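Engineer: predicted model follows, preceded by the sequence.
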Amino acid sequence: MDQDLAFRSATELAQLIRDREISSEELTRLYIDRIEQHDGDINAVIVRRFEQAVDEARAADNSEPSGLLHGVPMTIKESYVMDGTPATWGIPSYKDNVADHDGLAVSRFKAAGAHFLGKTNVPIDLADFQSYNDIYGTTNNPWNLERVPGGSSGGSSAAVAAGFSGLEAGSDIGGSIRTPAHFAGVYGHKPTYGIIPQTGHELMSGIPDADLSVCGPLGRSAADLELGLDVMAGPTGREATGWRLELPEAPFDDLKGVRVALWPTDDISPVSRETEARVRRVGEILEGLGAVVSDTARPEFDVKKANFVYQNLLNAVMSSAQPPAVIAEIQNVVDGLDPEDMSDAAVTARAAVMPHREWVRHDVRREKLRIAWDEFFDNWDILVCPQWAVPAIEHDHRPVGDRSISFDGETYPYGLSLFWSGLIIASYLPSTCFPTGLSEDGLPIGLQAVGAPYRDRQTIRFADLITREIGGYTPPPALV
């Protein structure tokens, strides 16, 4: 079978299956063969259900096409609940946490006609820019095995980039969809908060949706993101009694007249000269196509304060499941802090043990940020900005506090680029990460297209249009 099919978009693959030009079983076996041939080096698909997938593909071939993804084989992030498979979040104590049912996201993909080859790797507790853990080992970037594919949806981005899967679903609280998409050269969409339920993306059932965290698709085209969004989005059964989701269509079919603000770098979170230049190059192309472009337009808020709000809200969520002994240790640290200490470590520690009344105050500050963004997007359709300071970084399994990143002759904190993720996610905005081509070192560079709340189709449409001019998905050369 033509290996090129492995790199086609899910949208194209679904159409080929509907038109009976290929069979679901043929495509499923192609992906299985590729995983068995190449994934030993990459280690993306760490939970495999190949026999069941072939049976499900045969069933699809013997039935009338139904659903947006009829017959399309896909993988999904390990943290989603799927019958008969573990959902450990990379935490060794949960290694035997095997589901006896399908979670909501998996059920929705199956209802759309997809079937699953398996699940993809994550960092421990979904809390790293790298994807490794003691249960499944380390996932490598298909573009360069010495580099990371991102985290926490690192297995997801690697599987899509390597041609192991038709489509993927990840999750994002600190760039965990967008950073892997950037590192691996694929598309990823962080939706407006709340439009895709988190039910079924869980270690245990009955947990309400966490603040900031979202679920969303990764794919090899912008059209795949919209397809995945259509499958995943919408209210749960309880909510569906009273409301339904109607995302507006994108108001443009080309880039002429589209109002685009550029945010190429920032003093609070510098990016490499090459990354900044890529943002500016996108602006030049947009101007040539008749778009209205500014590299000075910004929302009316203090950037440092905005980052401070995100740090507090993020670490409140990340510490919420810690056992009492750990919280007690953090409280001891906080008690010994100088009140004037506003270092990242101090902010993180205080956020982990803050009282609820302090969280409410940060939530009020967040609302002021959201209002500023609303006013900004009254005048601008899209914001283009970096996702990370540099292309894919090298593996580094030292304690997080000992890690750093270096570029352009300077060394920076490991978590520097959380700024670019948090700027967007703290205010619940949609963001589409799109590939813009390779760096001088042959690694992908992705950028964010950010929009107003519920303008998800607009950011996806922009990503589609701009990548017709620059970038877009290309297969890693070693895997073609």
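Structural biologist: Cool, the structure landed.

Engineer: what does stretch 265-278 contact?
Structural biologist: 264, 279, 303-304, 307, 386, 388-391, 407-408, 410, 412, 416-417, 419-420, 436-437, 439-440, 445, 447 (Cβ atoms under 8 Å, 6 or more residues apart in numbering). Yep, even glycine has a C-beta here, placed from its N, CA and C like the rest.

Engineer: so of those, which ones are in strands?
Structural biologist: The members of the contacts of stretch 265-278 that map onto strands under DSSP state E are 386, 407, 410, 412, 436-437, 445, 447.

Engineer: and the buried ones among the residues you listed, selectable in PyMOL?
Structural biologist: With 16 or more other Cβ atoms under 10 Å as the criterion, this PyMOL line picks the buried residues out of the ones in strands among the contacts of stretch 265-278:
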select buried, resi 386+407+412+436+445+447
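
Engineer: can you give me the helices in the stretch 1-150 of the chain?
Structural biologist: 10-18, 24-42, 50-61, 104-111 (DSSP state H, counting those that start in this stretch).

Engineer: please name whichever of these is nearest to residue 88.
Structural biologist: For residue 88, the closest of the helices of the stretch 1-150 of the chain is helix 104-111, at 15.8 Å, according to Cβ to Cβ.

Engineer: who touches that closest one?
Structural biologist: Here helix 104-111 has contacts from 67, 69, 74, 76, 80-83, 102, 116, 169, 196-197, 199-201, 215, 231-232, 236, using Cβ under 8 Å, 6+ apart.

Engineer: send me the helix or strand containing residue 155 as PDB with only the CA atoms.
Structural biologist: Following DSSP states H and E, the helix or strand that holds residue 155 is helix 154-162. Taking Å, rounded to 0.1, in the frame of the first residue of the first chain, the C-alpha atoms of helix 154-162 are listed here in PDB:
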ATOM      1  CA  GLY A 154       4.100  14.400  23.400                       C
ATOM      2  CA  GLY A 155       3.100  10.900  22.300                       C
ATOM      3  CA  SER A 156       0.200  12.500  20.500                       C
ATOM      4  CA  SER A 157       2.300  14.900  18.400                       C
ATOM      5  CA  ALA A 158       4.900  12.300  17.700                       C
ATOM      6  CA  ALA A 159       2.300   9.800  16.500                       C
ATOM      7  CA  VAL A 160       0.700  12.300  14.100                       C
ATOM      8  CA  ALA A 161       4.000  13.600  12.800                       C
ATOM      9  CA  ALA A 162       5.400  10.100  12.200                       C
END
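
Engineer: next, the angle from that helix to helix 24-42.
Structural biologist: Interaxial angle of helix 154-162 relative to helix 24-42 (axes from the mean of the first three to the mean of the last three Cα atoms, to 10 degrees): 120 degrees.

Engineer: still on that earlier bit, in strands, which of the contacts of helix 104-111 appear?
Structural biologist: Counting by DSSP E, those place 74, 76, 116, 169, 215 in strands.

Engineer: for the third one, give me its contacts.
Structural biologist: Think residue 116. Neighbours of residue 116 in contact, by Cβ under 8 Å, 6+ apart: 49, 53, 56, 73-76, 82, 106, 109-110.

Engineer: give me the pLDDT value at it.
Structural biologist: pLDDT for residue 116: 98.

Engineer: identify the bridge partners of it.
Structural biologist: Note on residue 116: beta-bridge partners by DSSP bridges are residue 74.

Engineer: and residue 90, how close does it get to residue 132?
Structural biologist: As for residue 90, its distance to residue 132 is 8 Å (criterion: Cβ to Cβ, to the nearest Å).

Engineer: what do the two both touch?
Structural biologist: 121, 123-124.

Engineer: just give me the closest of the residues you listed to residue 349.
Structural biologist: Nearest to residue 349 among these, with distances taken as Cβ to Cβ, is residue 124, at 19.9 Å.

Engineer: burial of the residue nearest to that closest one when sequence neighbours are not counted, as a residue count?
Structural biologist: Nearest non-adjacent residue to residue 124, counting by Cβ to Cβ, 6 or more residues apart in numbering: residue 90, 4.1 Å away. Residues near residue 90, counting by other Cβ atoms under 10 Å, number 26.

Engineer: just checking, residue 90 touches residue 133?
Structural biologist: Yes: between residue 90 and residue 133 a contact is recorded at 3.3 Å, counting by Cβ atoms under 8 Å.

Engineer: quick check: neighbours shared by the two?
Structural biologist: Going by Cβ under 8 Å, 6+ apart, residues that sit against residue 90 and also against residue 133 are 121-124.

Engineer: and the helix holding residue 155 with helix 10-18, angle?
Structural biologist: Taking the same axes, to 10 degrees, one finds helix 154-162 and helix 10-18 inclined to each other by 60 degrees.

Engineer: no more questions from me, cheers.
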